[in-house]
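Trainee: predicted model follows, preceded by the sequence.
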Amino acid sequence: MKVTGASIASTLRFPYNNTLHQLFPSQFLPSSSPLSFSFCHKRTMPQSPARCSAAFSSPASDAALLPSEPVVKPKQHPWLIVGLGNPGKKYQGTRHNVGFEMVDAIAEAEGISVTTVSNKALFGRGFIGNIPVMLAKPQTFMNASGESVAPIVSYYKVPLKQVLVIYDDLDLPFAKLRLLPKGGHGGHNGMRSVIDRLKGSRDFPRLRIGIGRPPGKMDAVNFVMRPFNRQEREELDMTFQQGIEAVRIMLLEGFDKSATFVNSSKRMEQLG
C-alpha cells in the first residue's frame, strides 16, 4: 500500500495520542527524512484535510517514504552446450554420434525441446536450475561442425568459457568421461573445424566421451561408424547419467567441482 500525505491525514483524524513511529513501520520513516513530527489531532484539526496533509509535506516526494526498488541484476549470458555428430538416420546410434546422444540425454532430463532449426543446427533453449542454456546439434556433418557452432556463439555473444563441446574420443577407454577447460582438437575433425571457425581459439571447455580403440587392424573411420552392442549400450547409458550430473554441477557450482566429479575415480560413489 502506498503511503501518501492524504492517507496520513486520514489516519490521524482519530483522536488517539500516538506517535508517528507507532502508526507507521520504521521502513517508511528513514532517520534522514525531513518530515515534520507535528500532529493533526481532532482538537487541532485544520479546516481542510489538505492543510493537514501539508503539515506532513517534505521537499522529497511521497515515493521517498517507500522501500527502495530491488537492485536489478545484470542480464546473464546463457551457456551453449554443443554435441557433435553426423545428421541423418544412417548415423544414429553410431560411436561418432555420442555427442548428439549426450545432448539428447540432457534435453530429456531438463525438459528442453531441441527441435528448432537455427544456424545449421537443431537447437533448443531452456534452463538448468536457474541458469539459461542453449543446446545445439550441428547438422553440417562432423567435419564442418564449426560452420554451425561459430555463428551461434557470435549471434548470442556467448563467452567461450561458457561454450561446452561434447564429442567422442578414440583415446579414452570406452564409456569414460573427461572434462577439460581447454585444449586442442586431438585429431578429431569436428573439433578441428570448431577451433578453426572460432579463429583458432581453444579456450572453451570440452566433455570427451570414450568410445575405445578399434579392434585388431580395423580402420578408425569404419570403427567410429559402428553401432553399439547391447552391453556397450547399457554402459553408455550410465555414462550419459554421469554426464548429465556433470553438466548440472558445472553450471550451478562451477567448472572445478564438475571436473573433480568427472575426472575422479570416485565419481560413481558421488553419483550414488
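Mentor: Good, I have the coordinates.

Trainee: V163 and R202 touch, don't they?
Mentor: No: counting by CB atoms under 8 Å, R202 is not a contact partner of V163; they are 11.3 Å apart. Quick note: C-beta positions are derived from backbone N, CA and C, even for glycine.

Trainee: what's stretch 103-123 in contact with?
Mentor: Here stretch 103-123 makes contact (CB atoms under 8 Å, 6 or more residues apart in numbering) with 81-83, 124-128, 133-140, 147-149, 151-152, 155, 166, 240-241, 243-244, 247.

Trainee: strands - which of those land there?
Mentor: Cross-referencing the contacts of stretch 103-123 against strands under DSSP state E gives 81-83, 124-128, 133-138, 166.

Trainee: quick one, what contacts R202?
Mentor: The neighbours of R202, taking CB under 8 Å, 6+ apart as the test, are 182-184, 195.

Trainee: which of those residues lies closest to M102?
Mentor: Checking the contacts of R202 against M102 by CB to CB gives G183 as the nearest, at 17.9 Å.

Trainee: OK, contacts around that closest one?
Mentor: G183 sits in contact with 202, 206, where contact means CB under 8 Å, 6+ apart.

Trainee: if we can go back for a sec, buried only: go through the contacts of stretch 103-123 for me.
Mentor: Buried members of the contacts of stretch 103-123, counted by 16 or more other CB atoms under 10 Å: 81-83, 124-126, 128, 133-140, 147-149, 152, 166, 240, 243-244, 247.

Trainee: report how many residues lie close to the residue nearest to F240 when sequence neighbours are not counted.
Mentor: The shortest distance from F240 to any non-neighbouring residue, by CB to CB, 6 or more residues apart in numbering, is to A105 (4.1 Å). Counted with other CB atoms under 10 Å, the neighbours of A105 add up to 20.
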